[in-house]
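Student: have a look at this fold, sequence not included:
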Ligand code: UTP
């Protein structure tokens, strides 16, 4: 018996090879190659800890408290400390110490878009894609600080080729080939509720991306960390592929991270309402952690801090971090007690029945395992949380309609552009929510944040006026 097949039988996972004898030689090779990717000991551990019903306990609330954070100057933060942070971040950018890092390996099922999510068009007038928006922000920041910025993009097995082809077709939106790096994240097998590894077809396993937390392992395994070390990069600006508002390169955030000697820093925004579906920055036993909205009891989510009159668990996580390169390496290497935990998600997983016929389940029939990047926080020394403005950093495209959809995101982009313009006397009419009466689009190559916009606007003569069709800048 092939040693891989023997190992699966020994681990009680022999069902994976139930149809092996019926497969073509290529099919057999494919299945063996996928099986070789599976860490059977890890699956066994997950079966004991996450799959068995008795292990599915709620989260431990003992000693839980809201995490402290650095307030923005306009909310009472230390003005000089923010100035020092910005200067330190700008110095690091000028020295080429910072890379941008996007996790783009998700499946984007809620949006229901066919193709890598980064290729989804999002801007209000020109329909630029998410990838183009980030590329232009990164390119413009590189120009501003006199040092082109490297961009690392994590893909999945599923979308890797399509992502690379998209960048190739668009000539990387003006970024140098030597500065854009793609690598695939790892995969995990799905298991049944009895802990049996599932097949997707007779000759392939039901494998799916191992979560954005898989980025830490993947950065190391792909050689990205070594490349960074060779290039003198020691700091990564981490963001998700679905949020075009994000300040991909934010000197103040980078500077706060560096000056405080933090290994992993995070941005928070005040939650808009108690039940808003974002994670919460908390502390527990001296560690910073993120507690997901589904794990924090509603009564705690609704608690009011009598001192401020605001939610006690106010600090919402928006998945924007700065990571130190060597911290990522340490997390990837693992070792005694150093590992991101896996989370369980019950899902509808296409599979085959005992006769090998395809099954499209109508209700969850199995479990996927994912790691989350914020679970690295308790391992980081001096983790820091800083406040961000929602209007300047967060409007993700998650759903096809309703909240966090292409429409809400387009409107939020236009509110931001209107704010920038009106801060310089453009006099655009806006409604009570700040939404301009006519459509607007500012190219990141013109201005990608308040400072760069202000500089470009000052140079512009004559100042353009919005017509009935709106206004495009850059
Ligand atoms: P989401 O949690 O929104 O998941 O990912 P998703 O898979 O993209 O979308 P749904 O839930 O299927 O609708 C947040 C970010 O993490 C990345 C995504 O690409 C997105 O940038 N991600 C998620 C990965 O890179 N890998 C993963 O395995 C999961």
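Tutor: Here it is on my side, so go on. Remember, predicted model here, so these are calculated numbers, not experimental data. Numbering: from 1, shown residues only.

Student: closest point of the chain to the ligand, which residue?
Tutor: Of the chain, the residue with the smallest distance to the ligand, taken as C-beta to the nearest ligand atom, is residue 106 at 2.2 Å. Any C-beta I mention is one placed from the backbone N, CA and C, and that applies to glycine too.

Student: tell me the secondary structure at that residue.
Tutor: coil (DSSP: H, G, I helix; E, B strand; the rest coil).

Student: surely it meets residue 214?
Tutor: No: contact status for residue 106 versus residue 214: not in contact, 10.8 Å apart, counting by C-beta atoms under 8 Å.

Student: more crowded one of those two?
Tutor: residue 214 (26 against 23; other C-beta atoms under 10 Å).

Student: residues in contact with the more buried one?
Tutor: For residue 214, the contacting residues are 105, 185-186, 370-371, taking C-beta atoms under 8 Å, 6 or more residues apart in numbering as the criterion.

Student: and residue 415, by the same measure?
Tutor: 391, 430, 433-436.

Student: before we move on, back to that, dump the residue contacts of the residue of the chain closest to the ligand.
Tutor: Taking C-beta under 8 Å, 6+ apart as the definition of contact, the neighbours of residue 106 are 117, 156, 209, 212, 240-242.

Student: now residue 393
Tutor: Contacts of residue 393 were listed using C-beta under 8 Å, 6+ apart, and they are 243, 245-247, 250, 267, 269, 318, 320.

Student: swap in 10 Å and give it another go.
Tutor: Taking C-beta atoms under 10 Å, 6 or more residues apart in numbering, we find residue 393 in contact with 239, 243, 245-247, 250, 253, 267, 269, 318, 320, 416, 449.

Student: picking up where we left off before, who wins for most neighbours among the contacts of residue 415?
Tutor: Ranked by neighbours (other C-beta under 10 Å), those are led by residue 436, which has 23 neighbours.

Student: for the stretch 351-474 of the chain, list the residues in contact with the ligand, please.
Tutor: By the rule C-beta under 6 Å from any ligand atom, the part of the stretch 351-474 of the chain lying against the ligand is 370, 398.

Student: on the three-state scheme, the closest residue to residue 240 other than its chain neighbours is what?
Tutor: Beyond its immediate neighbours in the sequence, the residue positioned closest to residue 240 (C-beta to C-beta, 6 or more residues apart in numbering) is residue 319, lying 5.1 Å away. Classification of residue 319 by three-state DSSP places it in strand.

Student: is it true that residue 319 touches residue 374?
Tutor: Yes: contact between residue 319 and residue 374 holds when scored by C-beta atoms under 10 Å: they sit 7.4 Å apart.

Student: name the residues contacting each of those two.
Tutor: 212, 266, 279, 290.

Student: wait, what's in contact with the first one?
Tutor: Contacts for residue 212 (C-beta under 10 Å, 6+ apart) come out as 103-106, 154, 185, 238, 240-241, 319, 370-374.
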